[in-house]
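A.B. asks: next comes the sequence, and after it the predicted model I'd like to discuss.
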Amino acid sequence: MTAGTGPERTKRRRNVPGGGGAGGQSLSWRKQKAVRIHEALTCDPVDVETLREAAASEGGLLTQEIRRRVWPKLLNISVYSLPPKPGPALRVNHHYYNQVLIDVRRSLKRFPRGMAELERSVLQDQLLDMILYVLRSHPELHYYQGYHDVAVTLLLTAGLRLGTAMLQTLSTHHLRDFMDPTMERTRSVLSYLMPLIQSESPVLHDFMLRSEVGCIFALSWLITWYGHVLSDFHQVLRLYDFFLASHPLTPVYCAAQMVLMRESEVLQVDCDMPSVHQFLSMIPTDFPYETLISRTHTLFQKYPPSELERQTSLRLLKSISAASFRSLQISSAQQRPDFVLRQQATPSLDVLPVRPQNTLVKLAVWGISASLGAAAFVVTQTALEWGPDLLLGLF
């Protein structure tokens, strides 16, 4: 059966405006995708596989409002069981406080241009407390420079409490290899890069070997999920959609594919370490990210980690992130939809069920979520729970 036809397509047309009947106009792919996401979120249990497919496929999760609902489900987080709001008390006598403070102060470029200095200052304080909360809660985790780039993306997208919950789960799963006391596991993850390039292009691989460029150019890509090196926040969000829905080693496959897509240009560079390193470190602003994501997915399917290790005789440290991914997949598949969780939850100041009015469906959640966190999240969440008819008004 061809995609987009048959009973499933007919059913969807009956449930959304303009989807069928005489003279009805077919919905745009964005609206169709938004409805699929809504249906997956309201299934009981939540259809996490459909959410993963939506996050990885063209366009990703479409809007900030939708991300606030889907990202927690990808990480098995309930918005009604969030950690307490982190506060300044966490800063007292913490051995990473000074290092985190320095990095947070240097994070100015990660905030939207034109943001008022006072608002940015408040967000930077929240970022500091958010990071220290996770580190205090998990003494086995060690801070690394660049961790704050991941944290600020979550903060700007989901607010303080929800962002902290997601950072905590990411730190014990996807980012775990980078949070050892030494960089041995990080180097182990980087070791996948050259074999992947060799598998697809021996010519490019040999050129890079002769240049002695190594893999260090991709280090900041992996440990910040590209947040540190991309200036366009929408590009960062698109990659986060993909990585949150994928295997923890996907960012290194993405790095390999990014190099492969620039092969012809790389081969024109002088074959020496400074020249090749400088070229690879500068990611073009117009890089085709949808193509990158699609090809990265294909590359992962073609050379999964176990197969790549077998073919190349890689002897690597065991990836804690990869080992924990399966358990996260299984647990996330048992989640209840948010409207069920809300009925079971005891109301609190942070998660009051609020009814949207008029233009609240199109909240400018950028600034609001940063200040109000879960409260703003629930406003949007409730709007989405009203059903596909209201959801379509977002587009």
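C.D. replies: Alright, I've got the coordinates. Residues are numbered from 1 along each chain as shown.
A.B. asks: next secondary structure after the helix or strand hosting Asn98?
C.D. replies: Using DSSP states H and E, Asn98 falls within helix 97-105. Using DSSP H and E, the helix or strand that follows helix 97-105 in sequence is helix 117-137.
A.B. asks: one step back: buried sites along the helix holding Asn98?
C.D. replies: Going by neighbour count (16 or more other CB atoms under 10 Å), the buried part of helix 97-105 is 97, 99-101, 103-104. Placement of C-beta: from N, CA and C, glycine included.
A.B. asks: out of these, which comes closest to Ile330?
C.D. replies: Nearest to Ile330 among those is Val100, at 32.9 Å by CB to CB.
A.B. asks: got the contact list for that closest one?
C.D. replies: Val100 makes contact with 128, 131-132, 135, 143, 148, according to CB atoms under 8 Å, 6 or more residues apart in numbering.
A.B. asks: what is the burial count for Asp177?
C.D. replies: Number of residues near Asp177 (other CB atoms under 10 Å) recorded here: 25.
A.B. asks: next: Phe325.
C.D. replies: 17.
A.B. asks: how far away is it from Met130?
C.D. replies: Using CB to CB, to the nearest Å, Phe325 is found at 24 Å from Met130.
A.B. asks: nearest the middle, which residue of the protein would you pick?
C.D. replies: Nearest residue to the geometric centre of the chain (CA atoms, centre = their mean): Tyr240, 2.3 Å.
A.B. asks: that one touches Thr153, doesn't it?
C.D. replies: Yes - between Tyr240 and Thr153 there is a contact under CB atoms under 8 Å: 6.1 Å.
A.B. asks: who touches both of those two?
C.D. replies: Common neighbours of Tyr240 and Thr153, using CB under 8 Å, 6+ apart, are 225, 227.
A.B. asks: closest one to Leu196 out of the buried residues of helix 97-105, please.
C.D. replies: Among these, and counting by CB to CB, the member closest to Leu196 is Asp103, at 29.8 Å.
A.B. asks: and the residue nearest to the closest one when sequence neighbours are not counted, how many residues sit next to it?
C.D. replies: Spatial nearest neighbour of Asp103, chain neighbours left out: His148 (4.6 Å); criterion: CB to CB, 6 or more residues apart in numbering. Residues near His148, counting by other CB under 10 Å, number 29.
A.B. asks: next: Gly87.
C.D. replies: 13.
A.B. asks: check Ile223 too.
C.D. replies: For Ile223, using other CB under 10 Å, the count is 25.
A.B. asks: returning to that earlier point: check the gap between the residue nearest to Asp103 and Gly87 for me.
C.D. replies: 18 Å.
A.B. asks: so Asp205: helix, strand or coil?
C.D. replies: One correction, residue 205 is His, not Asp. State at His205, reduced to three classes by DSSP: H, G, I helix; E, B strand; the rest coil: helix.
A.B. asks: pull the contacting residues for Gly59.
C.D. replies: Listed by CB under 8 Å, 6+ apart, the contact partners of Gly59 are 29-30, 33, 290.
A.B. asks: what does Thr186 give?
C.D. replies: By CB under 8 Å, 6+ apart, the residues touching Thr186 are 144, 177-178, 180, 219, 222-223.
A.B. asks: switch to 10 Å and redo it
C.D. replies: Thr186 makes contact with 144, 177-180, 219, 222-223, 317, according to CB atoms under 10 Å, 6 or more residues apart in numbering.
A.B. asks: can you check Leu328 too?
C.D. replies: Leu328 is in contact with 74-76, 169, 172-174, 248, 321, counting by CB under 10 Å, 6+ apart.
A.B. asks: mind redoing it with 8 Å?
C.D. replies: Going by CB under 8 Å, 6+ apart, Leu328 touches 75-76, 169, 173.
A.B. asks: out of the residues you listed, who's nearest Asp286?
C.D. replies: Closest to Asp286, out of all of the contacts of Leu328 and judged by CB to CB, is Leu75, at 31.0 Å.
A.B. asks: can you give me the domain boundaries for this protein?
C.D. replies: 26-81+335-394, 184-327 (automatic domain parsing).
A.B. asks: what mean pLDDT does the shortest one get?
C.D. replies: Right, domain 26-81+335-394. Across domain 26-81+335-394, pLDDT averages out at 70.
A.B. asks: again, but for stretch 150-160
C.D. replies: Per-residue scores along stretch 150-160 average to 96.
A.B. asks: if we ignore the residues flanking it in sequence, what's nearest Phe325?
C.D. replies: Per CB to CB, 6+ apart, closest to Phe325 is Pro248, 5.5 Å.
A.B. asks: for that neighbour, helix, strand, or coil?
C.D. replies: Per three-state DSSP, Pro248 ends up coil.
A.B. asks: pLDDT value on it, please?
C.D. replies: pLDDT at Pro248 comes out at 96.
A.B. asks: quick one: contacts for it?
C.D. replies: Residues in contact with Pro248 (CB under 8 Å, 6+ apart) are 173-174, 176-177, 319, 321-322, 325.
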